[in-house]
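1. Provided below for reference: sequence and predicted model.
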Amino acid sequence: SYPLNAANPDVPFFGGANDMQGFRRLPAGHTIDWGHFFPVDGSTPAMCRRIDTHLTPPLHAMPASIVGAAVVGTGLANLAQRNLMRGSTLGLPSGQTVAKKLGVRVLSAQELGRDGEAPLFWYVLREAEVRETGTRLGETGGRIVTEVVAGLLAGDRDSYLNASPAWTPGPPFTTTGDVAVPDLIRIAGVA
């Protein structure tokens with residue numbers, strides 16, 4: 001569950017009309033108070049779980065509204081099982097293969113806690129766990145996410161990269177050097 005705002009401090013991910021499942025109109029009162037997620041104007045955000053190879057229990061047996069009634073009660077309602085099967089079906093390379101291709105330091109067998117090739121899904125979680133103490137993605141996972149976002153921006157004709165290719169950021173981006181998510185929230189005026 002997540003604290004969305006003062007009126008909804010404990011919204012479940014799954015489980016009813018007021019949960020956080022997608023593919024529908026946003027339920028009333030589900031607007032996000034960004035101060036619950038980032039330190040904005042003195043707020044104290046809720047701490048999230050560290051990134052690791054242990055999925056939260058609700059993802060072990062996802063509800064029929066997510067996976068379909070036919071798979072409830074089977075291993076196919078488990079997010080990890082679904083990701084591993086999808087990776088195998090799609091022929092995704094192992095985490096070690098992707099790390100090598102990206103030119104980043106590959107996790108050792110000791111860091112992995114196992115021998116042999118690791119599925120990419122699991123490797124990304126393990127890399128964050130052992131190299132970044134679970135506080136952020138590691139080099140392989142971070143590059144995958146960054147390149148997907150950059151590719152989406154490049155492929156969207158309405159993104160600023162295509163709509164205004166000569167655009168350059170102004171203050172505070174050019175004056176402070178570092179701009180983090182809380183800064184963006186303040187600049188957008190949604191804090």
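-> Received it, and whenever you're ready, just let me know what you need.
2. quick one: residue 150 is in a strand?
-> No. Residue 150: not assigned to a strand; according to DSSP: H, G, I helix; E, B strand; the rest coil it is helix.
3. Could you check how far it is from residue 144?
-> 11 Å (CB to CB, to the nearest Å). Placement of C-beta: from N, CA and C, glycine included.
4. Quick check: what element follows the helix or strand of the chain with the lowest mean pLDDT along the chain?
-> The weakest-scoring helix or strand in the chain, judged by mean pLDDT, DSSP states H and E, is helix 173-176 (a mean of 67). Using DSSP states H and E, the helix or strand that directly follows helix 173-176 along the chain is helix 181-188.
5. List the residues that contact the residue most central in space within the chain.
-> The centroid of the chain falls nearest to residue 145 when counting by CA atoms, centre = their mean (8.3 Å). By CB atoms under 8 Å, 6 or more residues apart in numbering, residue 145 lies in contact with residue 137.
6. Try it again at 10 Å.
-> Neighbour list for residue 145: 124, 137 [criterion: CB atoms under 10 Å, 6 or more residues apart in numbering].
7. could you dump the helix or strand encompassing it to CSV, C-alpha only?
-> Per DSSP H and E, residue 145 falls inside helix 139-155. This file holds the C-alpha atoms of helix 139-155, laid out as CSV (Å, rounded to 0.1, in the frame of the first residue of the first chain):
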residue,chain,number,x,y,z
GLU,A,139,24.5,0.2,-13.6
THR,A,140,22.8,-2.4,-15.7
GLY,A,141,19.3,-1.8,-14.4
GLY,A,142,19.8,2.0,-14.4
ARG,A,143,21.0,2.0,-18.0
ILE,A,144,18.1,-0.1,-19.2
VAL,A,145,15.6,2.3,-17.6
THR,A,146,17.4,5.4,-18.8
GLU,A,147,17.7,4.1,-22.4
VAL,A,148,14.0,3.1,-22.5
VAL,A,149,12.9,6.6,-21.3
ALA,A,150,15.4,8.3,-23.7
GLY,A,151,14.1,6.0,-26.6
LEU,A,152,10.5,6.9,-25.7
LEU,A,153,11.3,10.6,-25.8
ALA,A,154,13.1,10.3,-29.1
GLY,A,155,10.3,8.3,-30.6
